[in-house]
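Q: here is a sequence together with a model predicted from it:
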Amino acid sequence: MGTNASAGQTNTQPATTNRGTQSGSTTQERRLALIIGNSNYTNAGVLENPVNDARDMEIALKNARFDVMKYENLGREDMKRAIDRFRARLSKYDVGLFFFAGHGLQVRSNNYLFPCTAAIVSEKDVEYACVEAGRILAKVEAVRNKINIVVLDACRNNPFERS
């Protein structure tokens, strides 16, 4: 089981809980959530709420009988690995939920999740420095679970766009 990252550190191991899938003789649906809260941005300042929101979501989802994978303050490669781990586990579940809190960016109709270590100087850097939101959508769609939910708690602006 991982520990939460402190300011400026990357947590590459999830905090996980294992909940039973049976209550008595009645089978319950299995639920898995991936939560990423990015607050401590190297090049975009510190956001107060995302990590707190991620922690609150973890509590709420555990209370709703979700197994939870939670990460804080991830860089791009760690975000991609977390999404890939989530996808690998998701096929054993009925319901999947992805929650991201942090900076987001929209460039040419594409939405990106902003990693804590991203250094973006121009719009051309976004594709290589961020994680496209379509990545998580494709991963959960491929599993074909009963229900998959994606929640992005991020602004979608493009500071490089000309008026």
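A: Looks like it came in fine. Numbers count the residues shown, from 1 in each chain.

Q: what is the mean pLDDT for the strand or helix carrying Val140?
A: If you go by DSSP states H and E, Val140 is part of helix 133-143. Averaging pLDDT along helix 133-143 yields 92.

Q: put the alpha carbons of it into CSV.
A: Only the C-alpha atoms of helix 133-143 are listed here, as CSV (Å, rounded to 0.1, in the frame of the first residue of the first chain):
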residue,chain,number,x,y,z
ALA,A,133,-8.1,12.9,-21.6
GLY,A,134,-8.9,10.5,-24.5
ARG,A,135,-6.4,8.1,-23.0
ILE,A,136,-8.5,7.3,-20.0
LEU,A,137,-11.7,7.3,-22.1
ALA,A,138,-10.2,4.7,-24.5
LYS,A,139,-8.9,2.5,-21.6
VAL,A,140,-12.3,2.3,-19.8
GLU,A,141,-14.2,1.9,-23.0
ALA,A,142,-12.1,-1.1,-24.0
VAL,A,143,-13.1,-3.0,-20.8
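
Q: for it, packing partners?
A: If contacts are counted by 3 or more Cβ pairs under 8 Å, 6 or more residues apart in numbering; DSSP states H and E, helix 133-143 sits against helix 76-90, strand 95-101, strand 110-113, strand 147-153. (Each C-beta comes from the backbone N, C-alpha and C, glycine too.)
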